[in-house]
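K.L.:
what's the 3D shape of this:
(2 chains)
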2 protein chains.
Amino acid sequence: MHMHTEETALLGTASMDLHILDHRLRVTSICKNGLVNFTHPLIKLIFLRNRTRCKFFSLTETPENYTVVLDEEGFKELQPSEHLKVESSIWLPLNVVSNGNSSSSSQAVGVTKIAKSVIAPLAQQHVSVFMLSTYQTDFILVRENDLSVVIQTLEEEFNIYKEVGGESVPMHCQEVSNGLQKNGKEAIQPTVHPVLIPQNQFCVMSLDPDTLPSIATTLIDVLFYSNCPKEDASSPNQDLDCIKFFSFSLIDGYISLVMDTEAQRQFPADLLFTSSSGELWRMIRIGGQPLGFDECGIVAQISQPLADSDISAYYISTFSFDHALVPEEDIVSVTGMLQHQRKEPAAS
Amino acid sequence: MHMHTEETALLGTASMDLHILDHRLRVTSICKNGLVNFTHPLIKLIFLRNRTRCKFFSLTETPENYTVVLDEEGFKELQPSEHLKVESSIWLPLNVVSNGNSSSSSQAVGVTKIAKSVIAPLAQQHVSVFMLSTYQTDFILVRENDLSVVIQTLEEEFNIYKEVGGESVPMHCQEVSNGLQKNGKEAIQPTVHPVLIPQNQFCVMSLDPDTLPSIATTLIDVLFYSNCPKEDASSPNQDLDCIKFFSFSLIDGYISLVMDTEAQRQFPADLLFTSSSGELWRMIRIGGQPLGFDECGIVAQISQPLADSDISAYYISTFSFDHALVPEEDIVSVTGMLQHQRKEPAAS
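P.N.:
Modelled structure (predicted):
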């Protein structure tokens, strides 16, 4: 195991559990023009819980496309189409649960908390991860084929459980073979990707699922019609320095929404809630060209320096690019860090 | 003019206005399997008033298909498709407004009130009508090409107004030529069509447009997903003697819903309202084979005997069949009337 001394200290006597959740996920994208063809299944998956067995659903609009991550039950609803791209792997969501009675020394939330214990070791072992931060937690998606490497890499640090039919079953994987290059990939120096820092302010919110019907028409409007012209208003053109980004997820009954403050104003103020600090977030989009799914260490590259500085971060991967969200007051120092990283060769 | 003596007496000193509304309508049908392809435009037309200029929209589900009647602004939203049939004519909605200070001797509502003053004379002149009763009123749709015949036929009985940009402009059509066969069609004896009388009980309801968002997910479920299996409930199979029929319209800002009591139970009880009598209605479906749009006198055939007996009736034409709704307590006598009509040759 490659373990930093700070991490050892940080963990102390805290007990950390890693749960392999009981969802088999597909990562797909729908092109912008093709969304009209998927309105019927997507509205079913978002609003009509009694008509679907889907338990893991996430939809993220970016300027490039719509990324839809969903379990196999949900995936059945999407008809094959020229407008739909499907990543070929099955992905499994992992979840870190800190259940120790010693409080962590870090006040940071989000991907920062797992940067050194999960993200860095997996990058070191060349495991690709697809991150999906929500209001409630941070899902670390790994390919099903990489699962034995993941377990070997993390089992010293974590109690690993596999959730099966609502039960958490402890896993012990003594049988898997050892070796540094566990998934047979070469240890190449990671690419340092260009970043884009749009001007929008984002909020990360949640909603009581029972009140989802109350915001249905607004949510449908924002998700499915935001590119249609409005007839009744001369809405100002989107600021050129802003980026279109809206994420909705409904996972195991929990709703999470990530939207900018312009979108937020369209929703009734009393139904969506955010953390007590009411923080606003700025986005760092990672990647100049679409990143693909095979490169490792992209999340690590950005989450490591944030962890060193104890800066909270959400992280949302999409089909084309990765997106980190950092507190508004930290954007200047984070920008400085990233510029520094891009001038110097990446630290080993 | 062919005028019955009762009618002359009934009208007495009441002043009756006929308004030609400022909508140019298309009558279309979407096949059952094709609805998924039209979910995006239909949800926009129903729920997102600020994204469309459409002012006249009606959607009726029957076992055969979905009939969509909408103005040209709304029609633009429907992409051509193998799943969409479009009747070739432009249809204009007419509306009777009784503004006299002498109260009518009839307590009946709906198409019964206009059976003798409008429906019968138009049938006599071989003008096809497409009826659309709503909670608020009864729209009589006629082909734009038949308008001069309609005006000639009805101008002795009515003050005729054309609505133009929100103004009601009186019409006088002295210039049109006279003649009994005004639209050049032959006076053929009308076919007596078979009728079907399903067991469902229907209600005719309305809703404050401001509360439409509150029922959005239920309405979407009923309109777009009623043919999908439910995952959480073993819903009983639809009674074989019942018929699938659900109609939603949003016309000039007024909402009307016609549904059976089984569909009604899915909606929150406190938002939909009906007339104070809270009447339930039974359906008479007219036609054994799809009726088409050219035959005249179908509405007259059924509304005349109802008018003679002063029985209220709503009347909803669809792409394939016509549907009359009569009060539950009158269904036995109406059935008797219809059987009588089908044994004897149609009265001249």
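K.L.:
for the residue lying closest to residue A:171 once chain neighbours are set aside, pull up the helix or strand it's in.
P.N.:
Leaving aside its chain neighbours, residue A:171 sits nearest to residue A:160 (4.6 Å; criterion: Cβ to Cβ, 6 or more residues apart in numbering or on different chains). Every residue, glycine included, has its C-beta placed from N, CA and C. According to DSSP states H and E, residue A:160 maps onto strand A:159-164.
K.L.:
from the contact counts, what lies against that strand?
P.N.:
Helices and strands touching strand A:159-164, by 3 or more Cβ pairs under 8 Å, 6 or more residues apart in numbering or on different chains; DSSP states H and E, are strand A:16-20, strand A:167-170.
K.L.:
direction included, what does it pair against?
P.N.:
According to DSSP bridges, strand A:159-164 forms sheet pairs with strand A:16-20 (parallel), strand A:167-170 (antiparallel).
K.L.:
and for the last one, what's in contact with it?
P.N.:
Read that as strand A:167-170. A:19, A:159-163 (Cβ atoms under 8 Å, 6 or more residues apart in numbering or on different chains).
K.L.:
swap the cut-off to 6 Å and go again
P.N.:
A:161-162 (Cβ atoms under 6 Å, 6 or more residues apart in numbering or on different chains).
K.L.:
contacts for the next helix or strand after that strand, please.
P.N.:
Remark: after strand A:167-170, the chain's next helix or strand is strand A:195-196, criterion DSSP H and E. Here strand A:195-196 makes contact (Cβ under 6 Å, 6+ apart) with A:284-286, A:338.
K.L.:
swap in 10 Å and give it another go.
P.N.:
The list of residues contacting strand A:195-196 from outside it, by Cβ atoms under 10 Å, 6 or more residues apart in numbering or on different chains, reads A:241, A:243, A:283-288, A:302, A:321-324, A:334-335, A:338-339, A:341-342.
K.L.:
what are the pairing partners of that strand, and which direction each?
P.N.:
Counting by DSSP bridges, strand A:195-196 is paired with strand A:281-286 (antiparallel).
K.L.:
just the mean pLDDT for the strand it pairs with, thanks.
P.N.:
Computed over strand A:281-286, the mean pLDDT rounds to 95.
K.L.:
sorry, back to before: counting only strands, which of the contacts of strand A:195-196 make the cut?
P.N.:
Of the contacts of strand A:195-196, the ones assigned to strands by DSSP state E are A:283-286, A:322-324.
K.L.:
mind giving me JSON lines with these and columns for distance to residue A:77 and neighbour count?
P.N.:
Formatted as JSON lines, the ones in strands among the contacts of strand A:195-196 follow (distance: Cβ to Cβ, whole Å; neighbours: other Cβ atoms under 10 Å in any protein chain shown):
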{"residue": "A:283", "distance to residue A:77": "30", "neighbour count": "25"}
{"residue": "A:284", "distance to residue A:77": "33", "neighbour count": "21"}
{"residue": "A:285", "distance to residue A:77": "29", "neighbour count": "21"}
{"residue": "A:286", "distance to residue A:77": "30", "neighbour count": "22"}
{"residue": "A:322", "distance to residue A:77": "26", "neighbour count": "21"}
{"residue": "A:323", "distance to residue A:77": "26", "neighbour count": "25"}
{"residue": "A:324", "distance to residue A:77": "30", "neighbour count": "27"}
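K.L.:
interface residues of the stretch 51-200 of chain A facing chain B?
P.N.:
A:51-54, A:73, A:77, A:79 (Cβ under 10 Å from any Cβ of the partner chain).
K.L.:
about what we covered before: ranking the helices and strands packed on strand A:159-164 by burial, who's on top?
P.N.:
Looking across the helices and strands packed on strand A:159-164 with neighbours counted as mean count of other Cβ atoms under 10 Å in any protein chain shown, the highest average goes to strand A:16-20: a mean of 19.
K.L.:
contacts for it, please.
P.N.:
A:92-100, A:104, A:113-114, A:117-118, A:137, A:140, A:142, A:147, A:150-151, A:154-155, A:157-164, A:168-171.
K.L.:
and that strand, how far out from the chain middle?
P.N.:
Strand A:16-20 has its C-alpha centroid displaced from the chain centroid by 17 Å (Cα atoms, centre = their mean, to the nearest Å).
K.L.:
that strand - what's its average pLDDT?
P.N.:
Averaged across strand A:16-20, pLDDT comes to 93.
K.L.:
ok, then the element right after it?
P.N.:
Following strand A:16-20 in sequence, per DSSP H and E, is strand A:25-31.
K.L.:
select the longest helix from chain A.
P.N.:
helix A:331-343 (DSSP state H).
K.L.:
ok, now which ones touch residue A:43?
P.N.:
A:216, A:219-220, A:223-224, B:39-40, B:43, B:217, B:220-221, B:224-225.
K.L.:
tell me the secondary structure for it?
P.N.:
Per DSSP: H, G, I helix; E, B strand; the rest coil, the secondary structure class of residue A:43 is helix.
K.L.:
ok, now how distant is residue A:159 from chain B?
P.N.:
34 Å (Cβ to the nearest Cβ, to the nearest Å).
K.L.:
what pairs with the nearest residue in space to that residue that is not next to it in sequence across the strands?
P.N.:
Nearest residue to residue A:159 in three dimensions, chain neighbours excluded: residue A:17, at 4.8 Å (Cβ to Cβ, 6+ apart). Residue A:17 has these beta-bridge partners by DSSP bridges: residue A:97, residue A:159.
K.L.:
ditto for residue A:58
P.N.:
The partner residues for residue A:58, given DSSP bridges, come to residue A:69, residue A:249.
K.L.:
okay, now it: neighbour count?
P.N.:
Counted by other Cβ atoms under 10 Å in any protein chain shown, the residues lying close to residue A:58 total 22.
K.L.:
next: the one 4 residues further on.
P.N.:
Here the neighbour count serves as a burial measure; for residue A:62 (other Cβ under 10 Å) it reads 21.
K.L.:
surely it is in contact with residue A:321?
P.N.:
Yes. Using Cβ atoms under 10 Å, residue A:62 is in contact with residue A:321, at 6.8 Å.
K.L.:
find the residues that touch each one of those two.
P.N.:
A:243, A:285.
K.L.:
quick one: low-confidence ranges for chain A?
P.N.:
A:1-14, A:99-106, A:173-190, A:230-240, A:276, A:344-348 (pLDDT under 70).
K.L.:
can you give me the helices in it?
P.N.:
Using DSSP H, helices in chain A cover A:5-11, A:39-47, A:72-75, A:120-124, A:147-154, A:216-224, A:261-264, A:298-308, A:331-343.
K.L.:
just send those helices back as CSV, with distance to residue B:211 too.
P.N.:
Shown next, in CSV, are the helices of chain A (distance: least, Cβ to Cβ, whole Å):
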stretch, distance to residue B:211
helix A:5-11, 53
helix A:39-47, 18
helix A:72-75, 31
helix A:120-124, 50
helix A:147-154, 49
helix A:216-224, 11
helix A:261-264, 23
helix A:298-308, 45
helix A:331-343, 42
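K.L.:
ok, which of the ones you listed comes nearest residue A:132?
P.N.:
Across the helices of chain A, residue A:132 has its closest neighbour in helix A:298-308 (11.1 Å, Cβ to Cβ).
K.L.:
starting at the chain centroid, how far to stretch A:293-308?
P.N.:
13 Å.
K.L.:
mind saving the C-alpha coords of it as CSV?
P.N.:
Output of stretch A:293-308 as CSV, limited to C-alpha atoms (Å, rounded to 0.1, in the frame of the first residue of the first chain):
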residue,chain,number,x,y,z
PHE,A,293,-13.1,6.5,-19.4
ASP,A,294,-9.7,4.8,-19.4
GLU,A,295,-7.3,7.4,-18.0
CYS,A,296,-6.6,7.1,-14.3
GLY,A,297,-5.6,9.7,-11.8
ILE,A,298,-7.7,12.6,-13.1
VAL,A,299,-9.7,12.9,-9.9
ALA,A,300,-6.5,12.3,-7.8
GLN,A,301,-4.7,15.1,-9.6
ILE,A,302,-7.2,17.7,-8.4
SER,A,303,-8.4,16.1,-5.1
GLN,A,304,-4.9,15.6,-3.7
PRO,A,305,-3.9,19.3,-3.5
LEU,A,306,-7.4,20.1,-2.2
ALA,A,307,-7.0,17.5,0.6
ASP,A,308,-3.5,19.0,1.4
